[in-house]
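In: Pasting the sequence and the predicted model now:
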Amino acid sequence: MYKVFVKDIAIILSSEKSMGAPYTTVPLEMAEFKQLIKKIHNGELRYVHLYHKNVEKLERYLKKKIPFVVAAGGLVENEQNELLFIYRNKRWDLPKGHVEPGEDYEAAAIREVEEETGVRDLVIKSFLKTTYHVFKRKGEFRLKVTYWYAMTTDYKGDLAPQIKEGIKKAKWKNFKKSKKALTKSYANIRSLFPETYLAHDSDNGVA
């Protein structure tokens, strides 16, 4: 099972024949995916479950339904146990970007973090997960498939947000400030974090 986010609303894709109420289950082969996205985008639909008996074919069928782009990014931690965030489009996000032709995902993830934040000396610890979200470009819906990596760095220099990409800020955030930032982030970004980060309390500090 995995999730495709549309405006922070998750379309569930799985090999289960039913998710139960309140979800509407539609066989993936029969789904008018673009129409479903439009309805979710317009606030007309919320609980959607797309089914295919072969879980390994879910992504393949999905990519036939909608144009897609591939990206890679990083969840970066420094020696002070702070996490690296960027601020763009009035939301806190994590650095990521398109994978270039012929470029492997790990190299792309490191390059994008460097370009978007100025952070250097990045080391990949592990692969985290793949996220899926729908966005709109030039009036057309597209699916972004992002490969995420946990990274560390001992970089102590200044941060340099990539202004030409619309990034207003790049910030290191401690545990409390990270929790606060995630309340002003995206659902697919929050899915990268454990529940301890997502639990809200009144002493989060200032993002």
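Out: The structure has been received and is ready for your questions.
In: How many residues are close by Gly166?
Out: Close neighbours of Gly166, defined as other CB atoms under 10 Å, add up to 11. For glycine as for every other residue, the C-beta is placed from the backbone atoms N, C-alpha and C.
In: I'd say it and Lys90 touch.
Out: No. Gly166 lies out of contact with Lys90 (CB atoms under 8 Å); the separation is 10.5 Å.
In: OK, contacts around Val113?
Out: Val113 sits next to Gly73, Gly74, Val76, Leu84, Pro95, Val119, Leu122, Met151 when contact means CB atoms under 8 Å, 6 or more residues apart in numbering.
In: Separate out the buried members of those.
Out: Buried members of the contacts of Val113, scored by 16 or more other CB atoms under 10 Å, are Gly73, Gly74, Val76, Leu84, Pro95, Val119, Leu122, Met151.
In: Arg120 versus the fourth one, what's the distance?
Out: Same thing as Leu84. 12 Å (CB to CB, to the nearest Å).
In: Likewise for Val48?
Out: Val48 sits 42 Å away from Arg120, going by CB to CB.
In: Buried ones in stretch 53-61, by neighbour count?
Out: For stretch 53-61, a neighbour-count test (16+ other CB under 10 Å) marks Leu58, Glu59, Tyr61 as buried.
In: Identify the residues contacting that stretch?
Out: In contact with stretch 53-61 (CB under 8 Å, 6+ apart) are residues Met1, Tyr2, Leu13, Ser14, Ser15, Leu28, Glu29, Leu50, His52, Val145.
In: Which of these fall within strands?
Out: Tyr2, Leu13, Ser14, Leu50, Val145 (DSSP state E).
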